[in-house]
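# have a look at this prediction, sequence included:
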Amino acid sequence: MVDILMPALSPTMEEGTLARWMVKEGDSVAAGDILAEIETDKATMEFEAVDEGVIGKILVPEGSEGVAVNSPIATLLVEGEEAHSQQPAPAKTPPSSEDMPADTRQHPAPTVAAPVEPALPEGTTMKKTTVREALRDAMAEEMRRSAKVFLMGEEVAEYQGAYKISQGLLEEFGARRVIDTPITEHGFAGIGVGAAFGGLNPIVEFMTFNFAMQAIDQIINSAAKTLYMSGGQMGCPIVFRGPNGAAARVGAQHSHDYAAWYSQIPGLKVAMPYSADDAKGLLKSAIRDPNPVIFLENEILYGRSFDVPDIEDHTVPFGKARIWREGSDVTIVSFGIGMTYALEAAEILAADGIDAEVIDLRTLRPMDTGAIIESVKKTNRCVTVEEGFPQGSVGNYISSVLMQQAFDHLDAPVINCTGKDVPMPYAANLEKLALVTTKEVVQAARDVTYRT
Amino acid sequence: MAPRKSAATPNVSKDELLHFYREMLLIRRFEEKAGQLYGMGLIGGFCHLYIGQEAVVVGLEAAAEEGDKRITSYRDHGHMLACGMDPRGVMAELTGREGGYSRGKGGSMHMFSKEKHFYGGHGIVGAQVPIGAGLAFADKYLGNDRVTFTYFGDGAANQGQVYETYNMAELWDLPVIFVIENNQYAMGTSTLRSTKSPSYWERGAAYGIPGEEVDGMDVLAVRDAGRKAVGHCRAGNGPYILEVKTYRYRGHSMSDPAKYRSREEVQKMREERDAIEHVRQMLLTGNHASEDELKAIDKDIKGVVNDSAEFAKASPEPSVDELYTDILAED
């Protein structure tokens, strides 16, 4: 007898819904027969048998949500076996992040009492929303607001988005405004730029920013520089968005974090949100912005839920950092998925009596260096956290700003926690080592507070 | 190069012929002056002259209507003059002065005019092609019946993004005319050394885009082909390709030693196929204008060009504050 396990149907899938069983107990199946329909956060997929045999016991009834990857969902009796009672599927327990293998690298939501920001109208209710839904809501709201806003990219329309970000948009806005492109990043990025010059507000989705390297000439040379080269005549109101950085086990060509690259370019604005409320508010601001905006999302964060203010028009301004946790001993600065390490580290440090202040930059260009300096004046120490490469990192820039503008307030060298200086390896153990870890952030904070 | 066909039975009015003569002469004299100013050190960096190719842009502008858009590469001075931009503003941009179209911040390769629907002036070979299709996308999206003239050279015609754009332009029926200005040399590499498929317009067939080859030294042939292409696009039939065979008399840029072609080849083209001389002969043989009348036009053009040069020299350099302006648009 063998267990049939809940399959992982995407690199970042950790759990899914068992939508429908296509077989029943006692059915004979052959390899390749469809056993069930599994709904992931991205799509509904058919799950096939890999062995032949007879379905013994169905352990997880159809309609079950949150079924953990690799938990048994049924048993398969191989030749000569009889059906008999089985153990129920084990209850799903969220693992602690440090013990988790890289391919299920999802950090438990940090237990932050309440972020210090933002100031919302009194009586605002909150709605649990995933980053994925928040991004979709932001686009839908802005498309309702202005007929000049449209979305183009690979698989954004009929497929409903490779990562399901554009789910439902084709249905609401039609094929004129939700446009599937051929796989030609360079070409459609340029067409987007031209459409922006021509008076529209395109949202160009890259299936991942790794593929935007094909298009980077249009992003930098055409979108970012034209306003300047035209003496202010010709702006380019466009949003380039998509997942950025490492997902899980997708190897060197699909794991690049471009935060430092784009944050270097005058003429661009760059956002890299962490939470769903910021993702929504910043994307709405980005779509309204008269400048080209690089909007760096993260595949692992897409499925994470956060409180999003249930108000009509939730926008977040660019260039304003958010303090997630106030503290007096060390300033931890991060952005995007780096915030998961920062907040986790702050929890661990608090248990040791080190009181960390955690700042989410939210936008890298413009960057709220003022907020960092103000915090460092209080803590006198700073650790930066990002997944990108160490040389020429965002943290390097923050370090130089602090040296030049807050030198007298520093009691320790700034430490930059980054991804390692290697192409992303595929092997699970190596990938985990290549990324920044919470442990490294904790150690860095201990080092700068001289409490090792 | 194909022989002239339109010369036999020209379907053109006297006024139109005089207009073509004037427009082409303005470009040639302007470019000659730019070459002089470059030699004097008043213009720096890269400067790509349009001398020899004047009939291409003048002929196509005759097929355009108000609101139609145009975009081109770095060899852009002729396009700007032909669409009605002020020679003073163009020349002052060449000298990097405050009075230039980009207030001195763009230079020879980067000028724009929203008013004249001129979208640059692009320095990366081929990059203007998808942008041109994007402009056409915007017009189609907004329900205008405007068309976009997207100019590029035989060198750019080998860039991958051109074919990505062909595919999407035809897929989405975008009203864009791809104008391949084939001057036979991509910098110093002749078309014959660049490709075994030197009939560039025929490549459109792979994407379902119709097109044709045009004699680019004959302004009337260019105008007629332009009208046909515009008609195709404006009727909602999608893109059209014009491969306009032309010839640049001067180097790729000011620093071109021209070792890749013979003096005789250039001389032969100037003597036998010059587009301005062609129109001049039509005006004279058709008794539309006398030598004296043409001389008066020459003198007038010289005045316009000299005035632009004087303006470009007198205009001050941009204020140092300009270094940090126009990086981001205000909300």
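Cool, got the structure. Keep in mind it's a predicted model, so treat the numbers as computed, not measured. Numbers count the residues shown, from 1 in each chain, chains lettered A, B, ... in the order given.

# and the stretch 101-250 of chain B, which residues reach chain A?
B:101-106, B:110-114, B:119-124, B:127, B:129-139, B:141-142, B:160-161, B:164-165, B:167-168, B:171 (C-beta under 8 Å from any C-beta of the partner chain). From N, CA and C alone the C-beta is placed, and that goes for glycine too.

# and those residues, which are buried?
Buried by 16 or more other C-beta atoms under 10 Å in any protein chain shown: B:101-106, B:110-113, B:119-124, B:127, B:129-139, B:141, B:161, B:164-165, B:167-168, out of those.

# tell me which of the residues you listed fall in helices.
B:129-139, B:141, B:161, B:164-165, B:167-168 (DSSP state H).

# which residue sits closest to the one residue in the stretch 51-200 of chain B that gets nearest to chain A in space, ignoring its chain neighbours?
The minimum distance from the stretch 51-200 of chain B to chain A, using C-beta to the nearest C-beta, falls at B:Gly134 (1.9 Å). Nearest residue to B:Gly134, sequence neighbours excluded (C-beta to C-beta, 6 or more residues apart in numbering or on different chains): A:Gly194, at 1.9 Å.

# what about the helix or strand hosting the one you found, average pLDDT?
Taking DSSP states H and E as the definition, A:Gly194 sits inside helix A:185-197. Mean pLDDT, helix A:185-197: 98.

# buried residues of the helix or strand in which A:Val67 is found, list them for me.
Per DSSP H and E: A:Val67 is located in strand A:64-68. Buried positions in strand A:64-68, judged by neighbour count with 16+ other C-beta under 10 Å: A:Val67, A:Ala68.

# kindly report the same for stretch B:28-37.
B:Arg28, B:Arg29, B:Phe30, B:Glu31, B:Lys33, B:Ala34, B:Gly35, B:Leu37.

# among those, which ones are in strands?
Judged by DSSP state E, strands contain none of the buried residues of stretch B:28-37.

# format the residues you listed as JSON lines; extra columns: distance to chain A and pLDDT.
Below are the buried residues of stretch B:28-37 laid out as JSON lines (distance: C-beta to the nearest C-beta, whole Å; pLDDT from 0 to 100):
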{"residue": "B:Arg28", "distance to chain A": "26", "pLDDT": "97"}
{"residue": "B:Arg29", "distance to chain A": "26", "pLDDT": "98"}
{"residue": "B:Phe30", "distance to chain A": "20", "pLDDT": "98"}
{"residue": "B:Glu31", "distance to chain A": "21", "pLDDT": "97"}
{"residue": "B:Lys33", "distance to chain A": "22", "pLDDT": "97"}
{"residue": "B:Ala34", "distance to chain A": "19", "pLDDT": "96"}
{"residue": "B:Gly35", "distance to chain A": "23", "pLDDT": "94"}
{"residue": "B:Leu37", "distance to chain A": "20", "pLDDT": "96"}
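
# from A:Arg176, how far out is the closest residue to chain B within the stretch 51-200 of chain A?
As assessed by C-beta to the nearest C-beta, chain B sits closest to A:Gly194 within the stretch 51-200 of chain A, at 1.9 Å. Distance of A:Gly194 to A:Arg176, computed by C-beta to C-beta, to the nearest Å: 17 Å.

# which one of these two has more residues nearby?
Neighbour count, other C-beta atoms under 10 Å in any protein chain shown: between A:Gly194 and A:Arg176, A:Gly194 has more, with 34 against 10.

# which ones are touching that one?
B:Ile71, B:Tyr119, B:Pro130, B:Ile131, B:Gly132, B:Ala133, B:Gly134, B:Leu135, B:Ala136, B:Phe137, B:Ala138 (C-beta atoms under 8 Å, 6 or more residues apart in numbering or on different chains).

# if you set the cut-off to 6 Å instead, what comes out?
B:Ile131, B:Gly134, B:Leu135 (C-beta atoms under 6 Å, 6 or more residues apart in numbering or on different chains).
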